[in-house]
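Trainee: would you be able to build a 3D model of this:
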Amino acid sequence: MYKKMYGLTLALIMVCSLFMLTGCQEGKQEKTIGEVNGDAITQKQFDQHYRLVINYFQQTYGEIDEEKDQEILENLKDSTFEDLVIQKLVWQEAKRRGIEVDKEQVEQDLAKVAEQLNKQEENGYEKYLKEHGFDEEFLRQRLETEYLYSRLGEEVTSDLTVTEEECREYYDQNKEAFSHPAGKQIYHILVGTQQEAEEVLAKLKQGESFSDLAAQYSIDPGSKLQGGDVGVVNQDTNFVEPFKEAALQLPPGELLTTPVESEYGFHIIRAGKQLDEGIWPFSEVQADIETSLLQNKKNQVFSQFLDDLRASADIKDYRK
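Mentor: Just a heads-up that it's a prediction; the model follows:
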């Protein structure tokens, strides 16, 4: 089924790495390598951020040869500095607009980070902190930066809309994107623990909406805002086997009353219609198209907003 894009556009590393140092933390007597409207960027901030940028780049594109790839390294250093500039601007603009961090939400998110790392390996959270050489406060402030970024983006783009005509035009010009194979519509809610799965199942049995519970509880970002819809599933679908096997055995319209465990967590699965190969009608995908087009508009407007902030900022780079 048609898949939409999510989230406001961050600098590459800001999107792809949760565990990034915030540009707002100041080290005592640290060497200052730059300023953004008078706020210092320290060498410590730059070095730690740069190390994470390098790690992400190598995980994505392969190892860097420090002798042969000097141009790449210089570009990554410049990108690191730009990331820290944007973080400073976000904090400054949020403060100017009176946008404050939700401390309770940040603590909840931090607890989830620790939980996920500990699931990957014993004492995974502590090992991660030690390996990267920073403490919990670094993660906390990074989450605060992400929170402010999101809130600021919402405020800047709150008046944007998408018309039905825009949705129809996109559908007519991209019908091939809405084709689907033969198979069964499947919806799921993915949670981290057996206990959470049982709690969600209990709410479903009490008559609560599957779609609403998916949005509230699911940790699958690709489906949670689509009512848990993962598309049409058949034998050729590239899903983990425990999930796919349970989904294919479930009769259309039925809810699986026992959570299915996979490497990603615990799945609560509901089956929709059995379908022949074809193209989704406009009425089935209009909401998804609207969401996607609206998000694209927000991405563009907020990206331009940040560009304008940067253009009017007093930025000093002391590295050169």
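
Trainee: just the C-alphas of the strand ranked longest in the chain, formatted as CSV.
Mentor: Under DSSP state E, the strand in the chain containing the largest number of residues is strand 265-275. Coordinates of the C-alpha atoms in strand 265-275 are reproduced here as CSV (Å, rounded to 0.1, in the frame of the first residue of the first chain):
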residue,chain,number,x,y,z
GLY,A,265,8.6,-6.7,20.0
PHE,A,266,5.1,-8.0,20.4
HIS,A,267,2.5,-7.7,17.6
ILE,A,268,-1.2,-7.4,18.0
ILE,A,269,-2.6,-8.3,14.6
ARG,A,270,-6.0,-7.6,12.9
ALA,A,271,-6.8,-8.9,9.4
GLY,A,272,-8.8,-6.8,6.9
LYS,A,273,-10.1,-7.8,3.5
GLN,A,274,-8.8,-10.5,1.2
LEU,A,275,-7.9,-8.6,-2.1
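
Trainee: packing partners of the next helix or strand after that strand?
Mentor: Sequence-wise, the next helix or strand downstream of strand 265-275 (DSSP states H and E) is strand 278-279. Applying 3 or more CB pairs under 8 Å, 6 or more residues apart in numbering; DSSP states H and E, one finds that strand 278-279 contacts strand 179-180. For the C-beta atoms, the positions are set from N, CA and C on the backbone; glycine is no exception.

Trainee: if we use 7 Å, what do you get?
Mentor: Applying 3 or more CB pairs under 7 Å, 6 or more residues apart in numbering; DSSP states H and E, we find strand 278-279 packed against no helix or strand.

Trainee: domains for the protein, by residue range?
Mentor: According to automatic domain parsing, the chain comprises the domains 12-159+296-317, 182-276.

Trainee: TSV for those domains, including distance to Ser283 and mean neighbour count?
Mentor: Below are those laid out as TSV (distance: least, CB to CB, whole Å; neighbours: other CB atoms under 10 Å):
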stretch	distance to Ser283	mean neighbour count
domain 12-159+296-317	21	16
domain 182-276	14	17
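
Trainee: possible to save those domains as TSV with distance to Glu165?
Mentor: Putting those into TSV (distance: least, CB to CB, whole Å) gives the following:
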stretch	distance to Glu165
domain 12-159+296-317	14
domain 182-276	23
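
Trainee: select, out of those domains, the one closest to Glu169.
Mentor: domain 12-159+296-317 (13.7 Å; CB to CB).

Trainee: next one: that closest one to chain centre, how far?
Mentor: 14 Å (CA atoms, centre = their mean, to the nearest Å).

Trainee: likewise for stretch 232-250?
Mentor: How far stretch 232-250 lies from its chain's middle: 25 Å, per CA atoms, centre = their mean.

Trainee: quick one, strands of the chain?
Mentor: Using DSSP E, strands in the chain cover 32-36, 39-42, 179-180, 183-191, 229-233, 260-262, 265-275, 278-279, 315-317.
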